[in-house]
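Student: Sequence and predicted structure, then a few things I'm wondering about:
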Amino acid sequence: MEDIYFTTITSLRDRVRRGEVKARELIETYLGRAQKLNRRLNAFISFNEEGALAQADKIDQMIAMGKDPGPLAGVPMAIKDMLCTRGLKTTAASRILYNYIPPYTATVVERLEAAGAITLGKANQDEFAMGSSSENSFFGVVRNPWDEDCVPG
């Protein structure tokens, strides 16, 4: 599964749709890696493990029943923490919104999920998206996975 981290969205989707890999297996793999690397990179503010696995199971069930799971079937994604996600903490990387759980989901997230994409969690960012270096977050600096001395943007 190591090659799975460096492949394209279309390749991931096609592998899930063809049944070469279960969406649940893919999401478990991506979640595990993200959680492990997050200790060093601080890229995620929160994870959506339960919801992501439920979304993956739904995709797998649709495929098993011969239904179209959508053009992004099983594709893992991180949502910037400025976009509202019903039932998931949305802080905009600010202390002011530390425990805010929105009553609705942003349209862009709804559409991605309706297309079969799976939300792994909420990505860290500059507070209220006011910056470009990801150094000004209440939750700490985000590290660039390719060069930790550079900003991720």
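Tutor: Now that the structure is in, tell me what you want to look at.
Student: Tell me the secondary structure of the residue most central in space within the chain, please.
Tutor: By Cα atoms, centre = their mean, the chain has its centre lying nearest to residue 78, at 2.3 Å. Assigned by DSSP: H, G, I helix; E, B strand; the rest coil, the conformation of residue 78 is strand.
Student: Report the spatially nearest residue to it, omitting neighbours in sequence.
Tutor: residue 123 (4.2 Å; Cβ to Cβ, 6 or more residues apart in numbering). For every residue, glycine as well, the C-beta is placed using N, CA and C.
Student: residues contacting the one you found?
Tutor: Going by Cβ atoms under 8 Å, 6 or more residues apart in numbering, residue 123 touches 43-45, 78-81.
Student: related to what we said a few turns ago, contacts only, for the residue nearest to the centre of the chain.
Tutor: 34, 43-44, 119-123.
Student: how about 7 Å then?
Tutor: Going by Cβ atoms under 7 Å, 6 or more residues apart in numbering, residue 78 touches 44, 120-121, 123.
Student: Equivalent analysis for residue 56, please.
Tutor: By Cβ under 7 Å, 6+ apart, residue 56 lies in contact with 23-24, 27, 74, 118.
Student: any idea which of those is the one closest to residue 94?
Tutor: residue 118 (25.9 Å; Cβ to Cβ).
Student: Am I right that the closest one is in contact with residue 73?
Tutor: No - counting by Cβ atoms under 7 Å, residue 118 sits too far from residue 73 to count as a contact (9.0 Å).
Student: Mutual contacts of the two, please.
Tutor: Common neighbours of residue 118 and residue 73 (Cβ under 7 Å, 6+ apart) are residue 23.
Student: more neighbours, these two?
Tutor: Counting neighbours by other Cβ atoms under 10 Å for residue 118 and for residue 73 shows that residue 118 has the greater number, 28 against 24.
Student: quick one: the more buried one and residue 93, what's the gap?
Tutor: Per Cβ to Cβ, to the nearest Å, residue 118 is found 22 Å from residue 93.
Student: cool, and residue 82?
Tutor: Residue 82 is 8 Å from residue 93, by Cβ to Cβ.
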